[in-house]
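S.K.: Sequence and predicted structure, then a few things I'm wondering about:
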Amino acid sequence: MTGVKKIIEVPKRRPLAFDLFVNRLNDWWPADYTWSGDTLVDIGIDARVGGLCTEYGPFGFRCDWGRVLQLITAEKLVFLWQIGPARVPEPDPDKASVVSVLFYDMNHGTTGMELLHSGFENHGEGAAAYVRAMDSARGWEYILGLFVRYANAYAPPV
């Protein structure tokens, strides 16, 4: 089974692009890719090996949807994607796929990002349809498009 690979260019230097992607997830991640939707309180990645990817919603709702496997600041983030094909949290890490994001310098102060989402077979039944969904215009292309739009508009505080 194949995975999903997306390559984008971010209009920021690599350390800032990495910071915006990892540490400001709540500012750009699409609410329609959360369980809380419009009532989302916070979503983030604890940027350390073993750190959790967590969503917080109303009334104390909390959902851990991943775990950081590898982190090289400004270069690489690898995390488990513990969300099943039916968009249900998957607590068993052996039934998770893996998202790897590489950050690299490009010309004129921009950053290239390569995202590889692999291991869909770990999700079991529905994995093939899951690959197609995440490789569609409403999958990673949509998510990363929102990130590029956010990064493009981002102006650091003075």
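M.R.: Sure thing, it's come through. Numbering: from 1, shown residues only.
S.K.: which residues touch residue 106?
M.R.: When contacts are counted by C-beta atoms under 8 Å, 6 or more residues apart in numbering, residue 106 touches 9, 112. Using the backbone N, CA and C atoms, a C-beta is placed for each residue, glycine as well.
S.K.: again, but for residue 87
M.R.: Residue 87 makes contact with residue 35 under the criterion C-beta under 8 Å, 6+ apart.
S.K.: All the helices of the protein, residue numbers only.
M.R.: Ranges of helices within the chain are 14-23, 25-28, 127-134, 140-153, based on DSSP state H.
S.K.: Turn those into TSV, including mean neighbour count, mean pLDDT and distance to residue 87.
M.R.: Conversion of these to TSV gives the following (neighbours: other C-beta atoms under 10 Å; pLDDT from 0 to 100; distance: least, C-beta to C-beta, whole Å):
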stretch	mean neighbour count	mean pLDDT	distance to residue 87
helix 14-23	19	97	22
helix 25-28	15	97	18
helix 127-134	18	97	10
helix 140-153	16	98	14
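S.K.: between these, which one is nearest to residue 78?
M.R.: Nearest to residue 78 among the helices of the chain is helix 14-23; the distance by C-beta to C-beta comes to 11.6 Å.
S.K.: Poorly predicted segments of this structure, please.
M.R.: 1 (pLDDT under 70).
S.K.: So what sits opposite the residue most central in space within the chain in the bridge?
M.R.: Residue closest to the average C-alpha location in the chain (C-alpha atoms, centre = their mean): residue 99, at 7.3 Å. Beta-bridge pairing for residue 99 (DSSP bridges): residue 79, residue 117.
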